[in-house]
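Undergrad: test case, fold it:
(chains A, B, C and D)
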Amino acid sequence: MSDRSKRITLKEAAEIVKDGTILTFSGFTIWRRPMALVYELIRQKRKDLHLIEVNSGPHSEFLIGAGCVKIWESCWIGHELYGKYGANLARKVKEKEIIYEDYSHAEMGFRFLAAASGMPFIACQTSLGTDIHNPEYDMMGRAGLRNGSNPKIPKKKYEWTEDMFFGEGRQTLVPAAKADVAVLAVQQVGEEGTVRIGGQYFTDPEVCRAADITIVVAEEIVPEEKLRHQAQLNNIPGFQVDYIVECPYGAHPTGMFGYYDVDGDYLRNFYATTRTQEGFDAFAKEWIHGLDHDAYLTKLGIPRLLTLQASRALNFSTRIKRGAK
Amino acid sequence: MSDRSKRITLKEAAEIVKDGTILTFSGFTIWRRPMALVYELIRQKRKDLHLIEVNSGPHSEFLIGAGCVKIWESCWIGHELYGKYGANLARKVKEKEIIYEDYSHAEMGFRFLAAASGMPFIACQTSLGTDIHNPEYDMMGRAGLRNGSNPKIPKKKYEWTEDMFFGEGRQTLVPAAKADVAVLAVQQVGEEGTVRIGGQYFTDPEVCRAADITIVVAEEIVPEEKLRHQAQLNNIPGFQVDYIVECPYGAHPTGMFGYYDVDGDYLRNFYATTRTQEGFDAFAKEWIHGLDHDAYLTKLGIPRLLTLQASRALNFSTRIKRGAK
Amino acid sequence: MSEKDFAKAGDFTLADLMTVAAAREVNDHEVVFAGTGMPMVAIMLAQKTHAPNLKLIFEAGTFDGRPDVLPTSVGDPRCEDGASRASGLVEAFSIAQRGYVDLGFLGGAEVDEYGNVNTTVIGDYLNPDLRLTGSGGNPDINSFAKRTVFIMVHEPRRFTKNVSYITSPGWRVKKWPSGEFISRKELYGGAYRGGPSAVISTAGVFRFNEDTGRMYLDTYHPGKTPEEIKGMCQFDLDISRVSGETPLPTYDQLRIIHEVLDPEEIFLPKVKKA
Amino acid sequence: MSEKDFAKAGDFTLADLMTVAAAREVNDHEVVFAGTGMPMVAIMLAQKTHAPNLKLIFEAGTFDGRPDVLPTSVGDPRCEDGASRASGLVEAFSIAQRGYVDLGFLGGAEVDEYGNVNTTVIGDYLNPDLRLTGSGGNPDINSFAKRTVFIMVHEPRRFTKNVSYITSPGWRVKKWPSGEFISRKELYGGAYRGGPSAVISTAGVFRFNEDTGRMYLDTYHPGKTPEEIKGMCQFDLDISRVSGETPLPTYDQLRIIHEVLDPEEIFLPKVKKA
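TA: The predicted structure is shown next:
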């Protein structure tokens, strides 16, 4: 893409994600999820999204609860110790209002590695003998979605072959995980798109390259040349990034290494109150609709944000109460 | 492996590489090659080595010239601008004294990625239609080496399949590149084996994991906890490293980011004088046999080493003469 | 009382007992893959007692970390303190698939007598009573590691004849497309490294018969009897090889758990003294 | 004379002319994969003139570098100055295979009329006259990029009817196992992105017919005629589409090459004035 300014607003970023988009995200469970953009997608009433994720979490629970999602393709959803499972997904699954497709965690990781590397599939040796490989449980196949009409949806869920090189036996071939749009929540992005992640980078580099369009929502947009003084600390080169958005606390209530911790109270409250659709709608009415990101932060309030703020020395907060003590 | 001290001498390191070992290396062309250990292998008269490399360079030209190598499996050999091609390999190839096996550069990279990731093969889409894929040119097959007697040598050079997921056509399956021993020349290693590479890390992380035993030859052995203060700057976790050797200027005449530049004069002289076996033998007599690493550095002399030394600010030398000017 | 003495009843919780039992499964120098919660406390307890040289791998991408402060999740910044390397999930699973991992600690909602574990769904997968979290890395760690230890709540419905869905493979698993049960070793071929080595439940510690892959009771927790535990399983539990009572925590171990590792009581509440 | 004036004969070398011709192949904003030597100078010349936003990828693992000092190799520490990211070869080729690369610059020892290039061997591969370096990344960059430009010495034996060994794929390539020639587009299928778009030799600039994939002469270097160049090829070179003489370097371009990019005369010697 050209080097005209890549900077856009949160609203504009959400508009890039059309109805029916195959969408993926940065982060890991309750860390570095692009929540501010997720809220904006809900405000804009996005429909029929196909989420494809290495693992899932609160961001997807919000999108699913709000009715934005047609297909959820991943391996896990929950809120770690702040909520045992994904109650919104569970409800929609029970009511058959969503298509769910399960792979294992390593399989999802390797699927994104394949897509990021221009490989249509990759071989792995995990989860043999489990119901993840049960051919009856190819849910997208059951829904008639593997007919080739969407070139990013593989025609099969799995293929198996014997290792012909070393005689190592049965190999599972998993298809590349291809996405239309990846949305990344990170610490810093340069004006030309160079991404510097703090802490574990999870599967962000793979997720970025697996998508046709990458939007980076950063805590800070920083001068490009500052990042280029230490190229080894950067994780994604600028030419892989199409749009950038500056949005402090843009991953709240999930955590951001070096910036802020997970807001466990917020997640606990979300999990406790959104088991029903009515509960979800009330939560969304209070925390999403009619607000923008500034209003959301204002509603959270300065003391709460300061409590979550990470120590610059330790990269996590020393102020939050995490346990019974 | 246990956490008894991993520190050994150069001589002990070379003794770990037995006759017939499948051996691989750190670095890229004329950068970060474990030359001091290569010299020691030549002194110890190692035989029948099988070199498997992403790309090759001076280190292998030395081993091949000295008659240590039975099989050379890679994609490239030369000295960049200091020597057009690998004259020792060329001589042994012409005289049919070595088995050579060609893959493409990306194929070799992906082969090491597969081995490093526990995958017996990986799919790629490069070099279709070239003589690299000519079935007549499976040289290890022609030599009867693909009979399964060595479990690290694949039974086929290639396999092809059609993409069954997205209809993307012909895919080449390349076998994992498995090695017995990897020898890495790097800037810093901690006492427990944590590796910190300066500059591009080339294929070192993959090469390390592709081998059963990894020996790291470092410019400096440093306190482990210093490296662990910034985990993101480290490239290889300590538990993947079996032995460590401290050896300043251990990659000379190849270059080491942040420590010293390539010794172009040395390589030019090597290339010019080792086209014949007599030439090689004379060179080895002068620069390898009867010397140890300290004597080698002493013979090079302090002014030469200081000229090669990298600026701490720039990571390369500002003193060397690189061109006609 | 000395630090090395076993704690008296009332001085420790069931969770303490299970944590100590889990820590005992770790050998020094091993590479251990751990998830969030009690397993993480157990491994860090082992690291601070008999296994100072173990190497911790966290699924999100941290290798050989030595956290000062207990992480609440494998994605937590606290994981990276003192780590040899911090990267990502693809590297973690690539390393695991390459065979570096000795031991994995996992959880489960249901287990059968062959160690097949379900964390995906209660009821029929196609018409579920309750959708759970899904697999996460459970089957992957269990496939790649040489040994796997499961930590579970013990209820009869959870120790079941047939799990609703095999999320994580035990010693007899399904061969697709037919779904017939065959031995794990046969199915995994060259990728075979081992399998479930223990289940630590709220009732006892269970292991698996080397030949048949069937679960047997090794030790029973204080206050339980083997017969009672057999009655808490829907399958016919082998209680012929019981070795005794599960060893109690020492005061030293309890001090490390509650004063060093989890003083905030995130995963392990302290005993409430009247 | 002005900076924008074309240089007069005697003020530039043939290498200068070729470097400028190569730079002209680059469009602004493109992602360009470059090897060592003249291609690197050409790309950096483009970056400093008409294509300030091009992104350089070096095979060893550097992305979007802006070196102050000319690297002598893609493994050189000088590559990383001002880079967006520095990593390794697997990432570089993964990015290329994923389709991010617009243009690759490569060299060759022999080329045929379909743009098949040999860098591996002179003579029979099984009984070689001379073993060369081997492929390096030549076939890979050529397979993955949308366009490839080759820079070569022009001798009749190098512009040959049949190369000794196809190292890098042209517009008609071998289908194995039979070895029959078929079109590149047909063989590559979903992986097809393009192919050789120009050859810049010491005699002229060559391009390829869109339908047949056969080479034709586009421009001839000063002092050469199309007929003369046709005589320097062992195949029947199409000279019906010649567009004129290869444009000469400007004084501005020569200044950048010799004063900014390669003042040390590593790859491009200056004109020796009497």
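Undergrad: pLDDT weak spots in the chain?
TA: All of this refers to chain A. A:1-4 (pLDDT under 70).
Undergrad: looking at chain C here, not the other one
TA: Under the criterion pLDDT under 70, the flagged ranges of chain C are C:1, C:274.
Undergrad: tell me what the residue nearest the centre of it is bridged to.
TA: Closest to where the C-alpha atoms of chain C average out (Cα atoms, centre = their mean) is residue C:150, at 2.9 Å. With DSSP bridges as the criterion, residue C:150 is bridged to residue C:106, residue C:199.
Undergrad: quick one: contacts for it?
TA: Neighbour list for residue C:150: C:106-108, C:111, C:115, C:117, C:196, C:198-200 [criterion: Cβ atoms under 8 Å, 6 or more residues apart in numbering or on different chains]. No exception for glycine: its C-beta is placed from N, CA and C like everyone else's.
Undergrad: what's the closest of the residues you listed to residue B:32?
TA: Of all the contacts of residue C:150, residue C:106 has the smallest distance to residue B:32: 39.6 Å, by Cβ to Cβ.
Undergrad: quick one: the strands in the stretch 151-274 of chain C?
TA: Along the stretch 151-274 of chain C, counting by DSSP state E, counting those that start in this stretch, strands occupy C:172-175, C:180-183, C:195-201, C:204-208, C:215-220, C:244-245.
Undergrad: need the ones you listed in TSV (columns: mean neighbour count and distance to residue A:300).
TA: Converted to TSV, the strands of the stretch 151-274 of chain C look like this (neighbours: other Cβ atoms under 10 Å in any protein chain shown; distance: least, Cβ to Cβ, whole Å):
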stretch	mean neighbour count	distance to residue A:300
strand C:172-175	21	47
strand C:180-183	14	52
strand C:195-201	24	40
strand C:204-208	23	45
strand C:215-220	21	49
strand C:244-245	10	51
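Undergrad: TSV please, covering those and showing distance to residue C:253.
TA: TSV is the format used below for the strands of the stretch 151-274 of chain C (distance: least, Cβ to Cβ, whole Å):
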stretch	distance to residue C:253
strand C:172-175	35
strand C:180-183	37
strand C:195-201	15
strand C:204-208	16
strand C:215-220	16
strand C:244-245	16
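Undergrad: give me every residue that touches residue C:141.
TA: Neighbouring residues of residue C:141 by Cβ under 8 Å, 6+ apart: C:33, C:35, C:59, C:96, C:101, C:104, C:106, C:148.
Undergrad: what's the helix or strand for it?
TA: Taking DSSP states H and E as the definition, residue C:141 sits inside helix C:138-144.
Undergrad: now that helix, how far from the centre of its chain.
TA: 12 Å (Cα atoms, centre = their mean, to the nearest Å).
Undergrad: CA atoms of it as PDB?
TA: Extracted in PDB, the C-alpha atoms of helix C:138-144 (Å, rounded to 0.1, in the frame of the first residue of the first chain):
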ATOM      1  CA  ASN C 138      -4.800 -29.500  26.500                       C
ATOM      2  CA  PRO C 139      -4.600 -32.100  23.700                       C
ATOM      3  CA  ASP C 140      -1.400 -30.500  22.300                       C
ATOM      4  CA  ILE C 141       0.600 -30.500  25.500                       C
ATOM      5  CA  ASN C 142      -0.700 -34.000  26.200                       C
ATOM      6  CA  SER C 143       0.300 -35.200  22.700                       C
ATOM      7  CA  PHE C 144       3.800 -33.600  22.800                       C
END
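Undergrad: from chain B, how far off is residue A:238?
TA: 18 Å (Cβ to the nearest Cβ, to the nearest Å).
Undergrad: tell me, how many residues neighbour that residue?
TA: When neighbours are counted by other Cβ atoms under 10 Å in any protein chain shown, residue A:238 registers 25.
Undergrad: and for residue C:127?
TA: 10.
Undergrad: residue C:252 is in contact with residue C:4, correct?
TA: Yes: applying Cβ atoms under 8 Å, one finds residue C:4 in contact with residue C:252, separated by 6.1 Å.
Undergrad: of these two, who's got more company?
TA: residue C:252 (15 against 9).
Undergrad: so what's the nearest residue to that one once chain neighbours are set aside up against?
TA: Spatial nearest neighbour of residue C:252, excluding adjacent residues (Cβ to Cβ, 6 or more residues apart in numbering or on different chains): residue C:3 at 3.9 Å. With contact set as Cβ under 8 Å, 6+ apart, residue C:3 has these partners: C:250-252, C:255.
Undergrad: buried among those? Need that as a selection in ChimeraX.
TA: Filtering the contacts of residue C:3 down to the buried ones (16 or more other Cβ atoms under 10 Å in any protein chain shown) takes a single ChimeraX command:
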select /C:250,251
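Undergrad: of the contacts of residue C:3, closest to chain A?
TA: Using Cβ to the nearest Cβ, residue C:255 is the member of the contacts of residue C:3 that lies nearest chain A, at 15.5 Å.
Undergrad: now the closest one: how far from residue B:46?
TA: Counting by Cβ to Cβ, to the nearest Å, the gap from residue C:255 to residue B:46 is 54 Å.
Undergrad: what is the neighbour count of residue A:146?
TA: Residue A:146: 17 surrounding residues under other Cβ under 10 Å.
Undergrad: how close does the closest residue to residue C:191 other than its chain neighbours get to residue C:146?
TA: Residue nearest to residue C:191 in three dimensions, not counting chain neighbours: residue A:125, with 3.7 Å by Cβ to Cβ, 6+ apart. Residue A:125 sits 14 Å away from residue C:146 when distances are taken as Cβ to Cβ.
Undergrad: and residue C:234, by the same measure?
TA: 29 Å.
Undergrad: my read: residue C:112 touches residue C:170, true?
TA: Yes: the pair residue C:112 / residue C:170 is scored as a contact, 6.7 Å apart, by Cβ under 8 Å.
Undergrad: in helices only, show me the contacts of residue C:141.
TA: Those of those mapping onto helices are residue C:96, per DSSP state H.
Undergrad: what's the burial count for the residue nearest to residue A:107 when sequence neighbours are not counted?
TA: Leaving aside its chain neighbours, residue A:107 sits nearest to residue A:174 (5.0 Å; criterion: Cβ to Cβ, 6+ apart). Residue A:174 has 27 neighbours, counted by other Cβ under 10 Å.
Undergrad: which residues touch residue A:174?
TA: Contacts here follow Cβ under 8 Å, 6+ apart; on that basis residue A:174 touches A:103, A:107, A:110-111, A:114, A:121-122, A:124, A:158.
Undergrad: so it: helix, strand or coil?
TA: strand (DSSP: H, G, I helix; E, B strand; the rest coil).
Undergrad: any idea how far residue B:165 is from it?
TA: Counting by Cβ to Cβ, the gap from residue A:174 to residue B:165 is 9 Å.
Undergrad: overlap in contacts of these two?
TA: With Cβ under 8 Å, 6+ apart as the test, residue A:174 and residue B:165 both reach residue A:121.
Undergrad: where exactly do the strands run in the stretch 51-200 of chain A?
TA: Using DSSP E, counting those that start in this stretch, strands in the stretch 51-200 of chain A cover A:69-74, A:99-102, A:121-124, A:159-162, A:170-175, A:179-190, A:195-196.
Undergrad: of all these, which lies closest to residue C:77?
TA: Judging those by Cβ to Cβ, what sits closest to residue C:77 is strand A:179-190, at 11.3 Å.
Undergrad: cool, thanks, signing off.
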